[in-house]
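1. Here you go, sequence then predicted model.
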Amino acid sequence: NAGVTQTPKFRVLKTGQSMTLLCAQDMNHEYMYWYRQDPGMGLRLIHYSVGEGTTAKGEVPDGYNVSRLKKQNFLLGLESAAPSQTSVYFCASSYSRRFTDTQYFGPGTRLTVL
Amino acid sequence: AQTVTQSQPEMSVQEAETVTLSCTYDTSESDYYLFWYKQPPSRQMILVIRQEAYKQQNATENRFSVNFQKAAKSFSLKISDSQLGDAAMYFCAYRRRSGGGADGLTFGKGTHLIIQP
């Protein structure tokens, strides 16, 4: 099992450009999450999904869109990147909301917006 | 909304000694979960230990244990016999148990743990 993978690992964008971050998991997990981590901060939830075809907003959703067309994939889109979106982005997944079901994290994507 | 506070931006401990990392949280929920995650320089988030709020017994995982004080809303992590591989950022995290509202974990800002040989 590859676990949770993220593509790309690094990216540099110019202000106003768009891009999509891909998260893939091969553990048949229902729940998937996107977080961002800024310097000196813990992770903050952007959007999440409780199953294929469903998404919901987290703590900091503005400027991002997501889609979950396939159970194993969760895409995070930036339509018009801004310097404030410079961050490290983490994807996570879990089988359910039960306590015993751990959230497994991907390795992160470092995004810089100039 | 719930908040998680880690008041120690950085801690340092000698190898083989014991260190305690502090975490407090604020919530109006009565049932929830608490976690400690480790993030080494590789950036990978690794679950260290977890605690269910309704369980009074403190969780332990080998050299890692917690001191959970529900009334005080405190959840500290004790690392015994510190090893060089324990050097990392440690994040305390909270998750409500009930459904509804935004799911996911709420994290503190982290404590940078330095292990001195």
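-> Received it, and whenever you're ready, just let me know what you need. Numbers count the residues shown, from 1 in each chain, chains lettered A, B, ... in the order given.

2. What pLDDT is listed against the residue nearest to A:His29 when sequence neighbours are not counted?
-> Spatial nearest neighbour of A:His29, excluding adjacent residues (CB to CB, 6 or more residues apart in numbering or on different chains): A:Ser93 at 4.0 Å. Heads up, the C-betas are built off the backbone N, CA and C, glycines and all. A:Ser93 carries a pLDDT score of 93 in this model.

3. In terms of helices and strands, where is A:Ser93?
-> strand A:87-94 (DSSP states H and E).

4. Does that strand pack against any helices or strands, and if so which?
-> If you count contacts as 3 or more CB pairs under 8 Å, 6 or more residues apart in numbering or on different chains; DSSP states H and E, strand A:87-94 packs onto strand A:4-7, strand A:19-25, strand A:31-37, strand A:73-78, strand A:104-105, strand A:109-113.

5. what lines up beside that strand in the sheet?
-> Sheet partners assigned to strand A:87-94 using DSSP bridges are listed as strand A:31-37 (antiparallel), strand A:104-105 (antiparallel), strand A:109-113 (antiparallel).

6. Contacts only, for the nearest residue to B:Ser30 once chain neighbours are set aside.
-> Spatially, and ignoring its direct neighbours in sequence, B:Ser30 is nearest to B:Ala53 (7.4 Å; CB to CB, 6+ apart). By CB atoms under 8 Å, 6 or more residues apart in numbering or on different chains, the residues touching B:Ala53 are B:Ser30, B:Asp31, B:Tyr32, B:Tyr33, B:Leu34, B:Phe68, B:Lys70, B:Arg97.

7. Can you pull the phi and psi angles for B:Ala53?
-> Dihedral pair for B:Ala53: phi -60, psi -30, per degrees, to the nearest 10.

8. Do you know the pLDDT at B:Gly100?
-> Note for B:Gly100: predicted pLDDT of 53.

9. what secondary structure does B:Asp81 sit in?
-> coil (DSSP: H, G, I helix; E, B strand; the rest coil).

10. Next, give phi and psi for it.
-> phi 50, psi 60.

11. as a whole number, average confidence for stretch A:106-114?
-> 96.

12. err, stretch B:9-28, not the other one
-> 97.

13. got the buried residues for that stretch?
-> Under the neighbour-count criterion of 16 or more other CB atoms under 10 Å in any protein chain shown, stretch B:9-28 has B:Met11, B:Val13, B:Val19, B:Leu21, B:Ser22, B:Cys23, B:Thr24, B:Tyr25, B:Thr27 buried.

14. Hmm, the fourth one is touching B:Phe75, no?
-> No - B:Leu21 lies out of contact with B:Phe75 (CB atoms under 8 Å); the separation is 9.7 Å.

15. Find residues that contact each of these two.
-> Residues touching both B:Leu21 and B:Phe75 (CB under 8 Å, 6+ apart): B:Trp36, B:Cys92.

16. so where is chain A shaky, pLDDT-wise?
-> Low-confidence segments of chain A (pLDDT under 70): A:1, A:97, A:99-100.
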